[in-house]
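Enquirer: Got a sequence here, can you model it:
(4 chains)
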Protein chains: 2
Amino acid sequence: MLLTPEQLRRHFQERGLKFTSQRYAIYRALAGSTEHPSVEDLYSTVKASYPTLSMNTVYNTLESLKEIGIASEISLWHDKARFDANQASHHHLVCLRCKKIEDLYDDTLDRLALSPKAKHRYRITGHRVEFHGYCSRCKPKMNKPQKRR
Amino acid sequence: MLLTPEQLRRHFQERGLKFTSQRYAIYRALAGSTEHPSVEDLYSTVKASYPTLSMNTVYNTLESLKEIGIASEISLWHDKARFDANQASHHHLVCLRCKKIEDLYDDTLDRLALSPKAKHRYRITGHRVEFHGYCSRCKPKMNKPQKRR
DNA sequence: TCCTAAATAAGAATAATTACTATTTACCAC
DNA sequence: GTGGTAAATAGTAATTATTCTTATTTAGGA
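Expert: As a prediction, this is how the structure comes out:
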C-alpha cells in the first residue's frame, strides 16, 4: 500500500518536516521495490526523473522516513564490521542507540526452522534472531540519537 | 574455551595457512571479548603488544579465522546500508554470496518473545529473524566468494 | 640451513557516508 | 496572493572504513 502524496505530506508535516517532490519520488522508489535497495540504488533510480538530485538528498530523505516510521534500515551495523568468536548457537540483543550487542542463549530460538517451501529453494546454513531495543543505560535517552563513535 | 596456540596452529595448517604470533594475539583479543569488536577495536587492543601491527593484518587474520570457521561476522551488509519500506512484520532470507535479501512472512516467527529476565532489562521494540544460506542461483557456487559489486 | 610462498607493514587508492555552504523552496502569517 | 523564514537541496569537500599495492620479513617444509 503506497501512500499518496497527500498522506505522505501529512506524515512529514506532523513532524515539522517539509514535503518535497524529491522526497516523494524517493519514497516511491523505496516502497515500490522489494529489493531492499541501497542508497546508491535509490539515487540512480530517482536520478532518471530528477537529474539534479544529490546523494545528500537521498540520505537526508531516508533519515526522515526512518524518523517518521515509514522506512527502516535493515543493516544495523553497516558502518563497521563486527566480529564474534563465539561459535555456539546464540542470538543477539541489540541496543538501537549505543549499538551494544549482548549475547542471548535460548533453545527455542535455536530450533526455529524455515517452512518447507522456502527450504527447498535455499540451502540454509543457519539463522539468527535479533531483538532490538534500548538497553538500561539508553532507555531514558531513546529519543536523543547518538552521534558517530 | 580459548584455543591454545598449538590448537590454533593446527587449524591454520590444515588449511595451508601460516600461524603467526600476530594471528594468535588477534584471535585472543577476539575470543576474549564479548563485545563483538570491530576491526578498529581489535587493532587498538593488539597494537599495545605489537606496536608495528597494521590494520591489514587484522583484516587479513579475520578473513582467515572466518575461513577456518572460528570467527564470524555479525554485520552482514556492513558495506552498504540497505533500506525497506515494508513495515508489516516480516523476516529475511539472506543469500550469503550475492547478498540478495528475500522477505519471509511467518506468524510463528512474528510471535517470538524474549525471556522475562532479559525483557525487564531492555525495552524491546521488535525482533527479526534472519535465515542465512545460498539462493538457488548461488548454491552451485558456494565456495567461490563474490567480489565487491 | 636454505627456499619459497605466504604474511606483514606501510602507505596509497577506493567507496560509503557525513559535513559544509550557497542557493532554492515549502509553508506559515499576514 | 505576498513576503519572511527556516529547512531542504545541490554541489563539493572532508572523513572513515575497507581494499589494494609493494617491498620486506618470516613460517614451515625440503
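
Enquirer: for chain A, what's the longest helix?
Expert: Criterion DSSP state H: the longest helix present in chain A is helix A:55-68.

Enquirer: three-state assignment of A:Ala25?
Expert: Of the three states, A:Ala25 takes helix under DSSP: H, G, I helix; E, B strand; the rest coil.

Enquirer: Would you agree it is in contact with A:Ser49?
Expert: Yes: the criterion here is Cβ atoms under 8 Å, and A:Ala25 meets it with A:Ser49 at 6.2 Å. For glycine as for every other residue, the C-beta is placed from the backbone atoms N, C-alpha and C.

Enquirer: Going by contacts, tell me the helices and strands next to the longest helix of chain A.
Expert: Secondary-structure packing of helix A:55-68 (3 or more Cβ pairs under 8 Å, 6 or more residues apart in numbering or on different chains; DSSP states H and E): helix A:5-14, helix A:21-31, helix A:39-47, strand A:72-73.

Enquirer: in the second one, what's buried?
Expert: For helix A:21-31, the neighbour count (16 or more other Cβ atoms under 10 Å in any protein chain shown) marks A:22-31 as buried.

Enquirer: Need the helices and strands packed on helix A:55-68 in a markdown table (columns: mean pLDDT and distance to DNA strand C).
Expert: Below are the helices and strands packed on helix A:55-68 laid out as a markdown table (pLDDT from 0 to 100; distance: least, Cβ to the nearest atom of the strand, whole Å):
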| stretch | mean pLDDT | distance to DNA strand C |
| --- | --- | --- |
| helix A:5-14 | 96 | 5 |
| helix A:21-31 | 98 | 6 |
| helix A:39-47 | 97 | 4 |
| strand A:72-73 | 93 | 9 |
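
Enquirer: Dump these to JSON lines, plus distance to B:Val129.
Expert: Formatted as JSON lines, the helices and strands packed on helix A:55-68 follow (distance: least, Cβ to Cβ, whole Å):
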{"stretch": "helix A:5-14", "distance to B:Val129": "28"}
{"stretch": "helix A:21-31", "distance to B:Val129": "22"}
{"stretch": "helix A:39-47", "distance to B:Val129": "24"}
{"stretch": "strand A:72-73", "distance to B:Val129": "15"}
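
Enquirer: For B:Val58, find the nearest of these.
Expert: Ranking those by proximity to B:Val58 (Cβ to Cβ) places strand A:72-73 first, at 26.3 Å.

Enquirer: Give me the mean pLDDT for the helix or strand following that closest one.
Expert: Going down the chain from strand A:72-73, the next helix or strand is strand A:83-84, by DSSP states H and E. Average pLDDT, strand A:83-84: 96.

Enquirer: Okay, now the sheet partners of strand A:83-84, with direction.
Expert: strand B:72-73 (antiparallel) (DSSP bridges).

Enquirer: List of residues touching the partner strand?
Expert: Contacts to strand B:72-73, defined as Cβ atoms under 8 Å, 6 or more residues apart in numbering or on different chains, come from residues A:81-84, A:87, B:62, B:66.

Enquirer: Which segments of chain A make up each domain?
Expert: As assigned by automatic domain parsing, chain A contains the domains A:5-68, A:76-149.

Enquirer: got a markdown table for these, with distance to B:Ser136 too?
Expert: Shown next, in a markdown table, are the domains of chain A (distance: least, Cβ to Cβ, whole Å):
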| stretch | distance to B:Ser136 |
| --- | --- |
| domain A:5-68 | 17 |
| domain A:76-149 | 5 |
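
Enquirer: Make TSV from the ones you listed and add distance to DNA strand D to it.
Expert: As requested, those are exported to TSV (distance: least, Cβ to the nearest atom of the strand, whole Å):
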stretch	distance to DNA strand D
domain A:5-68	4
domain A:76-149	3
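
Enquirer: Let's verify A:Ile70: helix, strand, or coil?
Expert: Secondary structure assignment for A:Ile70 (three-state DSSP): coil.

Enquirer: Would you agree it is in contact with A:Tyr27?
Expert: Yes: A:Ile70 lies in contact with A:Tyr27 (Cβ under 8 Å); the separation is 7.2 Å.
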